[in-house]
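S.K.: Fold the following and give me the result.
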Amino acid sequence: MGTWGIGPFENDMAADFAYTLDETPKGKRESLVRATLTRTIQTRDYLESPEGAEAVAAVALIAAQCPGGEPISTSYGPDEVLPTDRGTVPGR
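M.R.: Numbering: from 1, shown residues only. Sure thing, here's the model as predicted:
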C-alpha cells in the first residue's frame, strides 16, 4: 500500500474507497460508509491496515458534515460529499 501524506485520503486504500464511493449510487453511499465502519468495529483481534485506512476515510466524510467539520479538499477524496437528505450526520 502506498501512502504519500498524512490526510485521510492520502493512501491507496482510502483513495480506492473514495473511487468506490463515487461509483456508488447516491442513495447507497450511506450504506457503504456504514458497512465500512461496521466491518471495522466488528474486528476482534487485529485490524489490518487497509481496513483501517478505509475506516479513517469514512469517518473523515462523516466529520466533514459536523458543525465546524473540515471539508474534504483533496483530489484523492470523493468527487461529491455524502448526501445529507436529513440535513445531519448519517444515522441521526
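S.K.: When you work out contacts or count neighbours from here on, use the C-alpha atoms and nothing else.
M.R.: Noted.
S.K.: Tell me which stretches of this structure form helices.
M.R.: Chain-ordered helices for the chain, with DSSP state H as the definition, fall at 12-23, 29-41, 49-65.
S.K.: Output the ones you listed as a markdown table; include the columns mean neighbour count and mean pLDDT.
M.R.: Output for these, formatted as a markdown table (neighbours: other Cα atoms under 10 Å; pLDDT from 0 to 100):
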| stretch | mean neighbour count | mean pLDDT |
| --- | --- | --- |
| helix 12-23 | 19 | 95 |
| helix 29-41 | 16 | 95 |
| helix 49-65 | 19 | 94 |
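S.K.: and the residue most central in space within the chain, what does it touch?
M.R.: Residue closest to the mean C-alpha point of the chain, counted by Cα atoms, centre = their mean, is Ala58 at 2.0 Å. By Cα atoms under 8 Å, 6 or more residues apart in numbering, Ala58 lies in contact with Val33, Thr36, Leu37.
S.K.: how about the nearest residue to the last one, chain neighbours excluded?
M.R.: Counting by Cα to Cα, 6 or more residues apart in numbering, Leu37 lies nearest to Ala55, which is 5.7 Å off, once chain neighbours are set aside.
S.K.: And that neighbour, how close does it get to Asp12?
M.R.: With the distance defined as Cα to Cα, to the nearest Å, Ala55 ends up 13 Å from Asp12.
S.K.: Check Pro78 too.
M.R.: Using Cα to Cα, we find Pro78 at a distance of 13 Å from Asp12.
S.K.: Show the pLDDT at Gly87.
M.R.: In this model, Gly87 is scored at 48, pLDDT.
S.K.: make that Gly91, sorry
M.R.: At Gly91, the model reports a pLDDT of 46.
S.K.: from now on call the first residue 19
M.R.: With the count now opening at 19, the last piece we talked about shows up as Gly109.
S.K.: Contacts only, for the residue with the largest distance to the centre of the chain.
M.R.: Most distant residue from the mean C-alpha position of the chain: Asp63, 22.3 Å away (Cα atoms, centre = their mean). Contacts for Asp63 were tallied using Cα under 8 Å, 6+ apart; there are none.
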